[in-house]
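S.K.: A structural model of the following input is requested.
(chains A and B)
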2 protein chains.
Amino acid sequence: MKEQFLLNYINKHISLTKEEEEILLSKITYKKYLKGQYLVQQGDVCKYEYFILSGCTKTFYMDNDGQEHIILFAIEDWWTSDMGSFIAQKPADYNVQCIENTELIQISYEANEELYILIPKLERFFRKIVERALVASQKRIVRNFSMSAKERYLIFKENYPKIEQRIPQYMVASYLGITKEFLSKIKSQLALE
Amino acid sequence: MKEQFLLNYINKHISLTKEEEEILLSKITYKKYLKGQYLVQQGDVCKYEYFILSGCTKTFYMDNDGQEHIILFAIEDWWTSDMGSFIAQKPADYNVQCIENTELIQISYEANEELYILIPKLERFFRKIVERALVASQKRIVRNFSMSAKERYLIFKENYPKIEQRIPQYMVASYLGITKEFLSKIKSQLALE
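M.R.: Below is the predicted model:
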């Protein structure tokens, strides 16, 4: 049963009793999405948070000129959603789209709120997950200010070791905030070093 | 008693019993820092998280060229720390410095861990605080990619309505990732609109 993967993951961080595991299983849903499908669309309310079992998603903001700005990729064992939309149940600022066929566990807002009441120790689990996400997000702000595109590309490869072969280069460029052409120049330079 | 401000703030989000309030009070410390003093220094372990009662701090990263990159300001009713350093108790990536005389409540890492055990509902409180910080941080990434410096300056004024008169212009420029001269050009343009 695919839901077991989420239980294993959570049990690495906190200890659930058998009874709590059963409660959790009753509130979560396994789903498959196809490459190209959206988990969240900018302007809609994000109704779920997602734990990815396999596949890959990108979270991006589409600006008024139709340009796509990638905030993050998520792969196996990562959580994704539009957090601002999910916690306030208001329209999403971002899109979350599958860039591969993606298998995931989804938890609805209502189920999530019930789970916090039924299994209070999940508060601790999610607090820790969100703390780590905040640390990563702040690091990204600093890198964008203080590092060259080449340095940021090298850190991207380090942070997402398995991802570069799986996604189109223009997405890597968008994540780095540079053009595809500039990324390809950086890669040629690195090849010569 | 100054610690009461923190209790009032927490009680807006969760309900503490009298007994829990007493436990909390026994674990927190009121402190005054002078303008220029550091709460956290890059390279040291961040031992506390801070709730600001009055004053203002800046969190910044100093790069190898000695340039300062401001990640955030914090004022009354805000929390600050180097989160990555605090949660892992490893050397800090950032500095947190008082840019005014600052009064605050500090909670040590050890006290914080004890408090989560003694008052489990604090998990919920801090989860919510961190979720909101993550949403703000992701918005900042998107703005830096997709908006002009002028637009970002206007949003800065909206997000920190009381702060601009209180801090030097070069800090605002650093926060926006632009030069002081460019900021002053933007302000002259806006004055003409």
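
S.K.: let me see the contact set for residue A:63.
M.R.: If you count contacts by C-beta atoms under 8 Å, 6 or more residues apart in numbering or on different chains, residue A:63 has them with A:69, B:146. The C-beta positions use only the backbone N, C-alpha and C, and glycine is treated the same way.

S.K.: how about the biggest helix by length in chain A: buried residues?
M.R.: Selection of the longest helix in chain A by residue count, based on DSSP state H, yields helix A:121-146. Neighbour-count burial for helix A:121-146 flags A:121-135, A:137-146 (criterion: 16 or more other C-beta atoms under 10 Å in any protein chain shown).

S.K.: buried residues in the helix or strand containing residue A:87?
M.R.: Following DSSP states H and E, one finds residue A:87 within helix A:83-88. For helix A:83-88, burial by neighbour count (16+ other C-beta under 10 Å) applies to A:83, A:84, A:85, A:86, A:87.

S.K.: would you agree the third one is in contact with residue A:42?
M.R.: No: with the criterion set as C-beta atoms under 8 Å, residue A:85 and residue A:42 do not qualify as a contacting pair; they are 9.2 Å apart.

S.K.: any residues in contact with both of these two?
M.R.: With C-beta under 8 Å, 6+ apart as the test, residue A:85 and residue A:42 both reach A:91, A:92, A:93, A:94.

S.K.: quick check: the first one vs chain B, distance?
M.R.: Per C-beta to the nearest C-beta, to the nearest Å, residue A:91 is found 13 Å from chain B.

S.K.: contacts only, for that residue.
M.R.: Residue A:91 touches A:42, A:43, A:44, A:45, A:85, counting by C-beta under 8 Å, 6+ apart.

S.K.: out of those residues, flag the one nearest to chain B.
M.R.: Set against chain B, the nearest of the contacts of residue A:91 by C-beta to the nearest C-beta is residue A:85 (9.0 Å).

S.K.: tell me which residues touch the closest one, please.
M.R.: Contacts of residue A:85 (C-beta under 8 Å, 6+ apart): A:40, A:45, A:46, A:91, A:92, A:93, A:94.

S.K.: measure it to residue A:38 for me?
M.R.: 13 Å (C-beta to C-beta, to the nearest Å).

S.K.: got any residues that touch both of these two?
M.R.: In contact with both residue A:85 and residue A:38: no residue, using C-beta under 8 Å, 6+ apart.

S.K.: redo the contacts of residue A:91 as TSV? Include pLDDT.
M.R.: Compiled in TSV, those are given as follows (pLDDT from 0 to 100):
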residue	pLDDT
A:42	96
A:43	96
A:44	97
A:45	98
A:85	97
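
S.K.: buried only: go through these for me.
M.R.: Counted by 16+ other C-beta under 10 Å, the contacts of residue A:91 give A:42, A:85 as buried.

S.K.: which ones among the contacts of residue A:91 lie within helices?
M.R.: residue A:85.

S.K.: can you pick out the most distant pair from the contacts of residue A:91?
M.R.: Pairwise distances across those peak at 11.1 Å for A:42 and A:45 (criterion: C-beta to C-beta).

S.K.: now tabulate the contacts of residue A:91 in TSV and tack on distance to residue A:157.
M.R.: What follows is the contacts of residue A:91, written out as TSV (distance: C-beta to C-beta, whole Å):
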residue	distance to residue A:157
A:42	28
A:43	33
A:44	33
A:45	35
A:85	30
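
S.K.: could you measure from the residue lying closest to residue A:46 once chain neighbours are set aside over to residue B:126?
M.R.: Leaving aside its sequence neighbours, residue A:46 sits nearest to residue A:85 (C-beta to C-beta, 6 or more residues apart in numbering or on different chains; 3.8 Å). From residue A:85 across to residue B:126, the span is 21 Å (C-beta to C-beta).
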